[in-house]
Structure formats: C-alpha cells, structure tokens
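Engineer: Sequence and predicted structure are below.
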Amino acid sequence: MKRRLKSRSGIATLVFLLVIAVSIMAAIVGYYEYQRYLEKMKLLLDKEQVAAAERCARNTYLLDMLSGAITYYYDADTKMCIDASQIEGAALIKGYGRSSQKANREGETGALGIPNKGDEGGAQFLAVTIEEDGSTNMRWQGPLLTAYDYQLMTPAERERLNQSQRDQIGMELLHTET
C-alpha cells in the first residue's frame, strides 16, 4: 500500500508543477498581449487627435478667411487652433501625444514625429500647417522648437520661422553638436 501511495504522490507533484508552468506561461502571454493592446489604444487616440487637429485647422483657416500658408498649434484641451505666429513659443499648450516613436515610425498617427518622447521630452502636441494649395503638413512638436522639428518642417514652413524661433532651433543645434 505504501508503494502505491508513493508512486501516486510523484505523479501528483509532476501534475502540480505542470499546472504551475502552464499558469506562468499564460500570465506571460497575457501580459504581452495587454501591452500590445495598450499600444494600439494609444495609437488610436493619437490618430483621433490628428484628425481633430486637421479639421480644426482647416475650419479656423476658412473662418478667418486667410490667404497664404499658416501654421496652427492644436490645443487638445480647448479643442482650438492657435496661430503659431501669434504666440511666442508654444509653452501654453500642454502635450497630449501618447504613442511611442516605434508606434509612429511611418507616421501611422497621420502626423510625423514622436507623439510621446518618454522621459526625455514627454507628450507632444500637434503643429498643423495649411499651405496655399490647401495641402496640410502635421507634425508632433514640443513646447520648444528643436532641430528635430526643423527636419520635419516643409521648406515653406522653415522660411516662415520668425527670428525667435530660428534662435531657439539654433541653440538646440549648438547643444546637439557639442
């Protein structure tokens, strides 16, 4: 009788260890699937913000009856577009970008750049440029213009930068070169 119990306890231990191993594997897979789900949701929210920013910029442009190219900063809190030339810097606008550079590597959000730079720069907001021909250029930007922002701008946007903005970018270039 003792032999029979010993042989069954070995099988029970083996089954118990197998159940634990399967549970751990399921937890690991579940964790990674949840992380993927969160990334997809962040990307979806950023896509919605880009679409809202483009609609807002086009409507503001038409309502103001402007001609020529103009850049707007989209404030997601107020759902308003602010003429970039009317404000000194964009420190008034809180960043709201959520997705990572990896998620937006091909501009999947509809705007170029990094919606959320993580620890180094945090959430970014949208700069929407409407050109004279009606085309739009959208990019994620932080409160201060950087050399990276300059790379994402169209040549026409670069020409329209005021001296303060050029100085801001110039200082950034000096810091990245040293």
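Structural biologist: Good, I have the coordinates. A quick note: this is a predicted structure, and the numbers were derived from the prediction, not measured.
Engineer: where does the chain dip in pLDDT?
Structural biologist: Regions of the chain meeting the criterion pLDDT under 70 cover residues 1-9, 88-91, 171-178.
Engineer: Would you mind finding the longest helix in it?
Structural biologist: Longest helix in the chain, counting residues (DSSP state H): helix 2-63.
Engineer: center of the chain - which residue?
Structural biologist: Taking Cα atoms, centre = their mean as the criterion, Pro115 is the residue nearest the geometric centre of the chain, at 1.7 Å.
Engineer: Compute the number of surrounding residues for the nearest residue to that one once chain neighbours are set aside.
Structural biologist: Leaving aside its chain neighbours, Pro115 sits nearest to Gly97 (2.9 Å; criterion: Cβ to Cβ, 6 or more residues apart in numbering). No exception for glycine: its C-beta is placed from N, CA and C like everyone else's. Gly97: 28 surrounding residues under other Cβ atoms under 10 Å.
Engineer: can you check the one 4 residues further on too?
Structural biologist: Neighbour count for Gln101, taken as other Cβ under 10 Å: 13.
Engineer: now do Gln168
Structural biologist: For Gln168, the count of nearby residues is 17 (other Cβ under 10 Å).
Engineer: which strands and helices sit next to the longest helix of the chain?
Structural biologist: Contacts defined by 3 or more Cβ pairs under 8 Å, 6 or more residues apart in numbering; DSSP states H and E place helix 2-63 against strand 70-75, strand 80-83, strand 125-130, strand 136-141.
Engineer: Let's have those in TSV, adding mean neighbour count and distance to Tyr148.
Structural biologist: Formatted as TSV, these follow (neighbours: other Cβ atoms under 10 Å; distance: least, Cβ to Cβ, whole Å):
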stretch	mean neighbour count	distance to Tyr148
strand 70-75	23	16
strand 80-83	18	21
strand 125-130	25	12
strand 136-141	23	9
